[in-house]
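Trainee: here are the coordinates; sequence isn't available:
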């Protein structure tokens, strides 16, 4: 079968490259690191809108927080909210490097070299700081909310750990930790399950629905090397996605 792409993401210059794709209520968004831009595409016809130029040193990630606004962060310590109607950002500066962010419900979370921070989107005030979940001075590379339960936040870091945090809990340590044996790159949810992508492995867990902070059950632990035996072009895992009743693994190649 000859598959033709519906959309090709073309950077504005050769040095530019796409660091993230994000699906929002009305748009598909792509972040480009060298030009520090977010390019939006209409979901109706995939038509490209004018690129959004960010006040950023090098954009790390962005996330939609409504139909007309998205938040973004960078490694220079900037965290901003861009209003598409007004065409400008409101920016806060911090003394930390931001690597990842996500939003769900009224919660916005971002991860850095100093842990994770959660803000209340209604007031943009700091709601919770998780500075002792991962090892000191280890980059927290990715954070994602459960799309169905906005109080559950998962993270992974360079300390070989993945965490599940309850951002609404009043307990002293509202999180659990699991070893993923090597630095974590991406975490997320596929259906009700949690996945973590590390340098050479894909992990998938089934959470305990009756207790958010009970250890989840390990369902899968796949090796990129095993995958390459039948798929030589696959160099690394990207994520897991659910398409209807089927689950698919996304892999990438350096070639």
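Mentor: Perfect, I can see it now. Nothing here was measured: the structure is a model prediction, and the numbers come from that model.
Trainee: state the three-state secondary structure for the closest residue to residue 76 other than its chain neighbours.
Mentor: In this structure, residue 76 finds its nearest non-sequential neighbour in residue 57, 3.4 Å apart by Cβ to Cβ, 6 or more residues apart in numbering. The way it works is simple: take the backbone N, C-alpha and C, and place the C-beta from them, glycine included. Assigned with DSSP: H, G, I helix; E, B strand; the rest coil, residue 57 falls in the coil class.
Trainee: wait, residue 57 touches residue 36, no?
Mentor: Yes - using Cβ atoms under 8 Å, residue 57 is in contact with residue 36, at 7.4 Å.
Trainee: what touches both of these two?
Mentor: residue 74 (Cβ atoms under 8 Å, 6 or more residues apart in numbering).
Trainee: which residues in the stretch 151-255 of the chain form strands?
Mentor: Ranges of strands in the stretch 151-255 of the chain, per DSSP state E, counting those that start in this stretch, are 161-166, 175-179, 184-190, 193-198, 201-206, 217-223, 236-243, 246-252.
Trainee: counting by contacts, list what the shortest one packs against.
Mentor: Helices and strands touching strand 175-179, as assessed by 3 or more Cβ pairs under 8 Å, 6 or more residues apart in numbering; DSSP states H and E, comprise strand 161-166.
Trainee: so what are the sheet partners of the strand it packs on and their directions?
Mentor: Counting by DSSP bridges, the strands paired with strand 161-166 are strand 149-157 (antiparallel), strand 175-179 (antiparallel).
Trainee: surely residue 89 is in contact with residue 55?
Mentor: Yes - with contact defined as Cβ under 8 Å, residue 89 counts as touching residue 55 (5.8 Å).
Trainee: any common contacting residues for these two?
Mentor: residue 80.
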